[in-house]
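Student: Sequence and predicted structure are below.
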Amino acid sequence: MILVTGGAGYIGAHTVRALQAAGFTPVIFDNFSTGHRSFVGGTALFEGDICSPSDLQNVFAKYPIEGVLHFAGKALVPESHANPEMYYRTNVTGGMNLLSAMKEFGVRHLIFSSTCATYGVPESVPITEAHPQRPINPYGETKLAFERAMRWFDESYGLQYLSLRYFNAAGADDSGQIGEDHDPETHLIPLALDAAAGRRPDVKIFGTDYPTPDGTCLRDYIHVSDLARAHVTGLRALLDGRVKSQAINLGTGRGYSVREVVECARRVTGREFTVRETLRRSGDPPVLVAAVNRAKELLGWTAVESDLDRIVASAWKWLMIRHRPG
Ligand code: UDP
């Protein structure tokens, strides 16, 4: 079985489905602090918290686990500034609890949900995995701390890991049953679609004076279903011993500006909505775009569902289903 910490969250739930479709048997470990019970379906569930060493020991004692996908953690940049302690406790101490339990139970294969936020402000784009890692917020810092811990667990105990550094995860599964649902929502695509649906008065563009073609930030948006498939492919490669421990970027290699995303939301939904240009949000690098060669060479993986219109259309479908009247 494959343990999926945070398997009731946004990216975790999509990956659980992809695992099942590929013939793996996942068990979800989640405390539902941000995960959704409705995302679990008929999948095996162990309700527990990575901050509790005994919860982790109990799940490893209960199931014959051969590999772990680690999504559980805190993942909002503004919240990480407001409460760095919580980020260290969950992402670092909770992560250490997981590594200890894996060591104790002899489980040696781990896929970690990492982030381009570990790079900080890029010195060059596209960003390769060799780019220096200098995070500019506690979120990125705590993810990087766990990446470094895995490296030493590999050296000392033979842990086999892949650290998958996501760029901007977006979109939703075609089924319309799972998707992005954060509270509070801070991400551009769901906020723009909320405005299109009349659920918010407007969408704000944070900064129009960046050194980019249209003055707004460029981001590399990757469909969550592409991310989910990358986890399954990575897990197979790890279990078969075809890859050694390392980090791999997951993105498309192409950036879209905030204005392009807003235009796409108008085009896909066919709805007009108000766009307000405001000041920059602190901590936003002008351009974050992935170099994607390593994922292709090592895993044979490229994004195939991450056309921006397709991403936005899938997120719109998810929003419409979720907020259907009655
Ligand atoms: N953004 C924006 N308005 C919003 C939310 C985000 O202009 O209401 C911008 C943000 O400054 C960044 C891009 O959209 O340049 C993507 O932000 P998001 O929060 O979706 O993802 P992040 O890049 O922070 O992971």
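Tutor: Nice, I can see it.
Student: who in the chain is up against the ligand?
Tutor: Contact residues (C-beta under 6 Å from any ligand atom) of the chain with the ligand: 77, 168, 186-188, 191, 203-206, 217, 219, 258, 281, 284. Backbone N, C-alpha and C define where each C-beta goes, glycine included.
Student: Mind doing that once more with 5 Å?
Tutor: Neighbours of the ligand within the chain, by C-beta under 5 Å from any ligand atom: 187, 188, 191, 204, 205, 206, 217, 219, 258, 281, 284.
Student: top helix in this protein by residue count?
Tutor: helix 138-157 (DSSP state H).
Student: what about that one, average pLDDT?
Tutor: Helix 138-157 carries an average pLDDT of 98.
Student: chain center to it, what's the gap?
Tutor: Remark: helix 138-157 is offset 17 Å from the chain centroid, using C-alpha atoms, centre = their mean, to the nearest Å.
Student: Please apply the same query to stretch 150-164.
Tutor: The chain centroid and the centroid of stretch 150-164 are separated by 20 Å under C-alpha atoms, centre = their mean.
Student: from this structure, which residue is nearest to the ligand?
Tutor: Relative to the ligand, the nearest point of the chain is residue 217 (3.1 Å; C-beta to the nearest ligand atom).
Student: okay, now that residue: neighbour count?
Tutor: When neighbours are counted by other C-beta atoms under 10 Å, residue 217 registers 25.
Student: Then residue 209?
Tutor: For residue 209, the count of nearby residues is 11 (other C-beta under 10 Å).
Student: what does the model give it for pLDDT?
Tutor: Reported pLDDT for residue 209: 98.
Student: Determine the three-state secondary structure at residue 89.
Tutor: Of the three states, residue 89 takes helix according to DSSP: H, G, I helix; E, B strand; the rest coil.
Student: Now do the phi/psi pair for the nearest residue to it once chain neighbours are set aside.
Tutor: Nearest non-adjacent residue to residue 89, counting by C-beta to C-beta, 6 or more residues apart in numbering: residue 51, 6.2 Å away. Dihedral pair for residue 51: phi -80, psi -10, per degrees, to the nearest 10.
Student: pretty sure residue 51 is in contact with residue 90, am I right?
Tutor: Yes - applying C-beta atoms under 8 Å as the test, residue 51 and residue 90 come out as touching, 6.3 Å apart.
Student: So which of these two has more stuff around it?
Tutor: residue 90 (21 against 17).
Student: circling back: now, the residues of the chain next to the ligand that are in strands?
Tutor: Among these, the members found in strands (DSSP state E) are 204, 205, 206, 219.
Student: how about TSV for those residues, with neighbour count added?
Tutor: Output for these, formatted as TSV (neighbours: other C-beta atoms under 10 Å):
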residue	neighbour count
204	19
205	24
206	16
219	24
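Student: Closest one of those to residue 311?
Tutor: Residue 311 has its nearest neighbour among these in residue 219, at 11.5 Å by C-beta to C-beta.
Student: circling back to that earlier point, using TSV, please lay out the ones in strands among the residues of the chain next to the ligand together with pLDDT.
Tutor: As requested, those are arranged in TSV below (pLDDT from 0 to 100):
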residue	pLDDT
204	98
205	98
206	98
219	98
